[in-house]
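Engineer: Give me the fold of what follows.
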Amino acid sequence: MLRYVFRRLLTAIPTLFVIVTVAFFLIRVAPGGPFNQERGLSPEIRANLEAQFGLNDPLWLQYVHYLGNLLRGNFGPSYNLPDFTVTELFAKGLPISIQIGTSALILALLLGSILGTIAALNQNKIADYSVIALATAGSTIPTFVIAPVIQLVFGLSWKLLP
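Structural biologist: Residues are numbered from 1 along each chain as shown. Okay, here's the model as predicted:
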């Protein structure tokens, strides 16, 4: 089992490398740039910003710098929030994401265990078919459809959410 996990981790490294490489080059060859939405920038200011962020360097050099910074955990400055680095923004949002993910996992395990037990104890009965239908609907309907419906039911109809 340990060999299997180790082998899977080793195959993840080239996969991540390919994903990072493709993402880097797709972003670089896309039309526009990070400062195009800043309509009021003069050409001199735009040139200074591009020089500051290394966007004037050859593409291969940008790629080497990008990989080096990525391996060191330096994701660079945020173009949208210039006072923050991307690493700081990750660090700020990560605890909240972990809390939400953990809560969702616990809720899914509890509900899944309870509903699975109900379905197993009532095989080929209405409770079993209801649980199967609920699980099928929950896994096939997109989240952006289910979430507003849940908010509507729990928030407006049942007054359980603020």
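Engineer: Domain map for this protein?
Structural biologist: The chain breaks down into these domains under automatic domain parsing: 2-74, 92-157.
Engineer: Looking at those domains, which is nearest to residue 86?
Structural biologist: domain 2-74 (8.7 Å; C-beta to C-beta). Quick note: C-beta positions are derived from backbone N, CA and C, even for glycine.
Engineer: Turn the domains of the chain into TSV, including mean neighbour count.
Structural biologist: Below are these laid out as TSV (neighbours: other C-beta atoms under 10 Å):
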stretch	mean neighbour count
domain 2-74	11
domain 92-157	11
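Engineer: Would you quantify the distance from residue 30 to residue 50?
Structural biologist: Per C-beta to C-beta, to the nearest Å, residue 30 is found 15 Å from residue 50.
Engineer: ok so, going back, looking at the domains of the chain, which is closest to residue 83?
Structural biologist: Per C-beta to C-beta, nearest to residue 83 of the domains of the chain: domain 92-157, 12.4 Å.
Engineer: Just the endpoints, please. Distance across the closest one?
Structural biologist: In terms of C-alpha to C-alpha, to the nearest Å, the two terminal residues of domain 92-157 are separated by 34 Å.
Engineer: Run the chain-centre distance for that domain.
Structural biologist: 20 Å (C-alpha atoms, centre = their mean, to the nearest Å).
Engineer: any idea of the mean pLDDT in that domain?
Structural biologist: Mean per-residue pLDDT for domain 92-157: 95.
Engineer: The chain should start at 15 in everything you say after this.
Structural biologist: Right, with 15 as the first residue, what we last looked at is domain 106-171.
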